[in-house]
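Trainee: The sequence and its predicted three-dimensional model are supplied below.
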Amino acid sequence: MPQPPAPPPPEEEEIVEHFECPNCGAPIEITPDTLVIVCKYCGYTEFRDPGYDVYVLKALDKAEIERRFWERMKKDPDMSPYVGEIQITDITFIYAPFYLANYDAEWYYIGEKTKTEVQGSGKNTRVVTKIIKVRGSGSESGRIAIPGRRYVEELGMKELGDAIEQIDEKSLIPAKEYNWERYIETVLGFDYEPREVPQMVKDIVAEDIKKRIYREKNLTRMLAFLCRVKTKSVKAILAPIYVITYKLRGGIYGIAFSGFDGKQLVAMEPVFTKHMIQYTAGAATLASLGAAATAIAAAVHEGYILIVSLLGLLGAFYLMHKAVGGVRFEH
C-alpha cells in the first residue's frame, strides 16, 4: 500500500468548534476533520457530512476479533505452548480513512543494463561486461488504496490498505446510512480531499511502475521514462482495524486484524530460542558468502562481485539484528 508523498504540514493549533447535542443539549467539541459526532452524556451519534461521499466497511464485533486472536494463538506452533501465559492488555478499535482509486496506466521506457560474458579459454579466459540498450512499453489497469491521513502510526495500517485493494466495492455502505451507535469508538477523519487524490495516484503509480521495470529488466540506468496515468474513480472509505496488545513473560506485543473480515494483518511476536538459532545460522552463512565474494572480487577486479559481497554482509547484519532484537514480525 502506497503512502501519500506530501511532507507534513507545519504544526498548527487545532481548531475546536462547539456543537450542541440535538438530543440532550449538552456541549460537544469537534474539530474540522471530525466525521462522527458523539455525545459523551447521552450517547447520541451523528455522521457529519464532509462535503463528499464517504463509504464504510462493516466492522466485526470486538468479541469475534478476540475469539480469532485466541484461535490463532492456539494454532500457532510457536505461540501455542504459551497460551496460558498470554494476557490481553488492550483491544484498540479504529476506523481508518483511505482513498480507493481505480486507474489506467500506459508507459514507455528506454534503459541500459549490463551483460557479462566469459570469453576465451585457459590462460586467455577473460570476463567482458557489455552495456546493452533496451526499450519497451506497456499498459495496465489497477487499483490502489492511499491513506486518507498523511501520517497514521498504527500497527497494520499498510497491510490494511493492501486488504482494501482486494475488496468488492458492492460491500461498501454509505456512511450516512451506517449504524454508528453499535461500532463507534475512534473514527479518524480525512486530512485532504478527494480532488487531491488523482495527482497522488499519478505520482505513486508512475514511481511503482518505474521501480518494477528496473527490477524486472535488471536495468542499471533509465535513459527515458514516460508514464500516463488516468484515475477513473476515487472513493473515500472508512475501514475498521483492531489491534490487540498482549503481555507475555514481561514483554509487550501486538497483533493487528482487519476489522471487516477478521484476517490477521501483521503480528509483532517475541523471538524465541529457535528463532535466534535460525537467524544466527543464516547470518553466519551470509557473512561467509560475503567474505568469499569479497576475496573473489579483489582477485578478478569485477565490481558486480563486490556488490554481491556487500549484499551478503548486509543480509548477515540484518539477521543478527533480528536475532538480538527480541521482536519479530509475521505477516
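Mentor: Noted; the coordinates are in hand.
Trainee: For Glu64, list the residues it contacts.
Mentor: Gly262 (CB atoms under 8 Å, 6 or more residues apart in numbering). Yep, even glycine has a C-beta here, placed from its N, CA and C like the rest.
Trainee: Please disregard the earlier target; I meant Cys227.
Mentor: Contacts of Cys227 by CB under 8 Å, 6+ apart are 105-108, 205-206, 209-210.
Trainee: does it belong to a helix or a strand, and which?
Mentor: strand 221-248 (DSSP states H and E).
Trainee: Averaged pLDDT, that strand. What do you get?
Mentor: The predicted model gives strand 221-248 an average pLDDT of 95.
Trainee: Can you list the buried residues in stretch 36-54?
Mentor: Buried residues in stretch 36-54, counted by 16 or more other CB atoms under 10 Å: 36-39, 44-47, 50, 54.
Trainee: What mean pLDDT does it get?
Mentor: Mean per-residue pLDDT for stretch 36-54: 87.
Trainee: Enumerate the positions of stretch 22-40 that are buried.
Mentor: Across stretch 22-40, burial judged by 16+ other CB under 10 Å covers 28, 30, 33-39.
Trainee: Dump those to JSON lines, plus distance to Gln119 and secondary structure.
Mentor: Below are these laid out as JSON lines (distance: CB to CB, whole Å; DSSP: H, G, I helix; E, B strand; the rest coil):
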{"residue": "Ile28", "distance to Gln119": "79", "secondary structure": "strand"}
{"residue": "Ile30", "distance to Gln119": "74", "secondary structure": "strand"}
{"residue": "Asp33", "distance to Gln119": "65", "secondary structure": "coil"}
{"residue": "Thr34", "distance to Gln119": "70", "secondary structure": "coil"}
{"residue": "Leu35", "distance to Gln119": "67", "secondary structure": "coil"}
{"residue": "Val36", "distance to Gln119": "70", "secondary structure": "strand"}
{"residue": "Ile37", "distance to Gln119": "75", "secondary structure": "strand"}
{"residue": "Val38", "distance to Gln119": "75", "secondary structure": "strand"}
{"residue": "Cys39", "distance to Gln119": "81", "secondary structure": "coil"}
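Trainee: What residues sit buried inside stretch 176-193?
Mentor: Neighbour counts over stretch 176-193 (16+ other CB under 10 Å) mark 178, 180, 183-184, 187-192 as buried.
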